[in-house]
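>>> coords below, sequence missing:
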């Protein structure tokens, strides 16, 4: 298969101009989106990528008209959008099927709302059920289906109204790895073979590999407030393979775009080894322990007394504090007056699957200068392998006797996030993948 060529000679389907979404007023005003400018053309598959809380889903809802922008304009085919966009539909990460309706009835419900006659509703629903690979399950109820099958039914329902713009809000994140991979492949087959009438797809994701695997263009967002910071074209032909050098290079480029938004944290994070300024030590904590901490905080409603938490976790405070410091460094938690509070990012980490946790951690630790320095040093090496001793010698200048502990922690964090690892037999650090 090859990538469809976006019809840039044609006018854009969608234009977002100076869009803002704010909640509250005055000192209580929260700006979720600021100065968003975006165009989507026929034939494009566009991915919105960014950290949790950057407003990806908020932007998607503004584009579909489910939650209009507070300021600026959303134009569809050069007409200002008022109310729900009749040319767009959305597939959510939760399956959002009516449990009391069969698969066929769930797919047909959107057609009924549009006044399509019963006979035509039935025929079109059956055709779409067959298209997404659910033939034989027309009379099944959602409780009788696997997660992947339920999401297929969600796709069929979204496509029943033949949308020009198909919007996807993390549609694979609630599925297990194998189901998600299968459904991605099936959607791409439908899209690339033009088996669906959709003219463009806009997908929200937090998964960098997923974005590179599927999209023609990746729009990277940052938060506080939510805004677009860069766009990256994906020119790889389909089918795309994760192990290909070009694929991995593009994933690295997107990681760099996401991780490079570090200016507000620069002072707190310090500088990399060998650079002017103070190199901040990494907390000597394992990230598996941090996962346990965030899960415990989530169970406690997101807030707990630090001393009581130490007792509950059966951890000495001296053992707990480095884990808490790691949580602060990654912006998963905050400390004030003896209380520890889970941040929205920390809540997302606590709720996430193992793979998603790794991706969240990768994006956060690449902001830390020492981790970034190790990663970039390995990137620059022709074989992507560098001796442990080289990193130890560099760290010794800043940390003296603690250099080995610092490097061991960095390796542990890199392994957790699948950024880099250590080979015992050669005493080398190397890039994962």
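On my side now, so go ahead. Owing to the predicted nature of the structure, the values given are computational and were not obtained by experimental measurement.

>>> Tell me where the stretch 151-300 of the chain has strands.
165-169, 200-205, 217-222, 227-233 (DSSP state E, counting those that start in this stretch).

>>> Give me the sheet partners of the longest one and which way each runs.
On the basis of DSSP bridges, the sheet neighbours of strand 227-233 come out as strand 217-222 (antiparallel).

>>> now the angle from the partner strand to strand 200-205?
Relative orientation of strand 217-222 versus strand 200-205 (axes from the mean of the first three to the mean of the last three CA atoms, to 10 degrees): 40 degrees.

>>> Centre of the chain to strand 217-222, how far?
10 Å (CA atoms, centre = their mean, to the nearest Å).

>>> What lies in contact with it?
The contact list for strand 217-222 (CB atoms under 8 Å, 6 or more residues apart in numbering) reads 38, 44-51, 54-56, 59, 211-212, 227-234, 254, 257-258, 261. C-beta: built from backbone N, CA, C; applies to glycine.

>>> Could you list the low-pLDDT ranges of the stretch 151-300 of the chain?
The stretch 151-300 of the chain contains residues with pLDDT under 70 at 224, 255-256, 258-270.

>>> Any idea how many residues pack against residue 283?
18 (other CB atoms under 10 Å).

>>> Would you enumerate the residues in contact with it?
Per CB under 8 Å, 6+ apart, neighbours of residue 283: 322-323, 325-326, 329, 409.

>>> number of nearby residues for the closest residue to residue 221 other than its chain neighbours?
Nearest non-adjacent residue to residue 221, counting by CB to CB, 6 or more residues apart in numbering: residue 50, 3.3 Å away. The number of residues packed near residue 50 is 26, by other CB under 10 Å.

>>> and what of residue 336?
So residue 336, with other CB under 10 Å, has 7 neighbours.

>>> what pLDDT does it get?
If you check residue 336, the pLDDT there is 75.

>>> cool, the one 5 residues further on as well?
Residue 341 is assigned 88 on the pLDDT scale.

>>> Bridged to it, which residues?
Under the criterion used (DSSP bridges), residue 341 bridges to residue 303, residue 334.

>>> my guess is it meets residue 328, correct?
No - here residue 341 does not reach residue 328: they are 10.6 Å apart, not a contact under CB atoms under 8 Å.

>>> Look at those two and report which has more neighbours.
For residue 341 versus residue 328, the count of surrounding residues by other CB under 10 Å is larger for residue 328: 17 against 13.

>>> Report the contact partners of the more buried one.
334-335.

>>> was I right about residue 246 contacting residue 236?
Yes - with contact defined as CB under 8 Å, residue 246 and residue 236 form a contacting pair (6.0 Å).

>>> In terms of neighbours, single out the busier of the two.
residue 236 (17 against 13).

>>> which residues touch that one?
3, 212, 244, 246-247, 250.

>>> Quick check: phi and psi on the residue nearest the centre of the chain?
The residue lying closest to the centre of the chain (CA atoms, centre = their mean) is residue 206, at 0.3 Å. Here is the backbone geometry of residue 206 (degrees, to the nearest 10): phi -110, psi 0.
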